[in-house]
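A.B. asks: Sequence and predicted model, in that order:
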Amino acid sequence: MLKIDNLNFSYGNKKILKDFSMEVREGERVALKGSSGCGKSTLLRLIAGLEKPSIGNIFFDNNNVTNLPSYKREFGYVFQDFALFPHLNVKKNISYGISQYENSKKENLLNKYSKMLHIDSLFNHYPHELSGGQKQRVALARTLVTSPKIILLDEVFSALDEGLKESVRLEILEVLEELKITTILVTHDSRDAEVLCSKIIEM
Ligand SMILES: Nc1ncnc2c1ncn2[C@@H]1O[C@H](COP(=O)(O)OP(=O)(O)OP(=O)(O)O)[C@@H](O)[C@H]1O
């Protein structure tokens with residue numbers, strides 16, 4: 001369903017990706033692993049449409065989306081640092097991307113994903129009042145309410161304490177399995193890849 005075909009990308013004259021190809025089937029969860037600086041986040045940015053390849057194509061459901069702007073791809077991207085809006089409470093952070101929806105639809109989505117991720121009691125809190133694991137779940141909920149066709153997770157566990165990581169991984173796994181959402185996870189941690197993904201691609 002997602003096909004990356006012969007992608008090349010450089011920052012200036014520094015080559016980051018050379019003839020990179022991969023395929024991800026619908027509902028599959030794939031981990032991209034590799035050493036620091038090998039281009040994992042860059043590949044996610046290319047898939048999301050935040051960067052454009054110099055050569056190569058990205059196909060989604062047999063459509064060439066290489067030149068499609070990011071918002072038209074409808075892929076969800078959860079950043080490493082979660083990038084929550086500090087001046088908005090949890091409820092407003094989560095509903096940010098669906099503010100144009102009518103109220104009942106918005107409330108339904110908000111409630112569904114907040115319950116699923118156990119953050120429905122935190123609606124009035126602000127990001128600085130949340131733990132790392134709570135911030136991560138808010139960031140995930142904010143992306144999931146938009147019903148993305150694919151979810152791109154960039155090192156989303158790396159900011160968490162070791163003691164918390166495993167339980168958060170398992171919780172997130174449960175949600176992704178329930179939704180059967182196609183997922184691409186960037187990580188340098190083998191355990192993230194083992195727990196969450198059925199396929200691991202070494203870059
Ligand atoms: N905006 C940029 N301008 C120039 N070079 C960049 C830019 N962003 C990243 N790079 C470089 O591109 C290379 C790939 O970066 P990228 O963030 O994709 O790596 P990564 O595999 O995700 O690394 P990490 O595991 O450390 O997050 C690195 O050498 C990085 O320094």
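C.D. replies: Received it, and whenever you're ready, just let me know what you need.
A.B. asks: How about the secondary structure of residue 27?
C.D. replies: coil (DSSP: H, G, I helix; E, B strand; the rest coil).
A.B. asks: Could you tell me how far the residue nearest to it when sequence neighbours are not counted is located from residue 112?
C.D. replies: What sits nearest to residue 27 in space, not counting adjacent residues and going by Cβ to Cβ, 6 or more residues apart in numbering, is residue 180, at 4.7 Å. Quick note: C-beta positions are derived from backbone N, CA and C, even for glycine. From residue 180 across to residue 112, the span is 15 Å (Cβ to Cβ, to the nearest Å).
A.B. asks: Looking at those two, which has the bigger crowd around it?
C.D. replies: The residue with more neighbours, out of residue 180 and residue 112, is residue 112; 14 against 11, by other Cβ atoms under 10 Å.
A.B. asks: That one and residue 101: what is the separation?
C.D. replies: Counting by Cβ to Cβ - residue 112 and residue 101 are separated by 13 Å.
A.B. asks: shared neighbours of the two, anything?
C.D. replies: Listed as contacting both residue 112 and residue 101 by Cβ atoms under 8 Å, 6 or more residues apart in numbering is no residue at all.
A.B. asks: ok so residue 46 is a strand residue?
C.D. replies: No - judged by three-state DSSP, residue 46 forms no part of a strand; its state is helix.
A.B. asks: Isn't it up against residue 55?
C.D. replies: No - at 11.7 Å, residue 46 and residue 55 do not qualify as touching, with contact defined as Cβ atoms under 8 Å.
A.B. asks: returning to what we had before: looking at per-residue confidence, what score does the residue nearest to residue 27 get?
C.D. replies: Residue 180 carries a pLDDT score of 93 in this model.
A.B. asks: so where do the strands sit in this structure?
C.D. replies: Along the chain, counting by DSSP state E, strands occupy 2-11, 14-24, 29-33, 55-60, 63-64, 76-78, 151-154, 183-187, 199-202.
A.B. asks: Comparing those, which comes out most buried?
C.D. replies: Mean neighbours per residue, mean count of other Cβ atoms under 10 Å, is largest over the strands of the chain for strand 183-187, with a mean of 25.
A.B. asks: for that strand, packing partners?
C.D. replies: Here strand 183-187 touches strand 29-33, helix 40-48, strand 151-154, helix 190-196, going by 3 or more Cβ pairs under 8 Å, 6 or more residues apart in numbering; DSSP states H and E.
A.B. asks: Kind regards, and thank you for your time.
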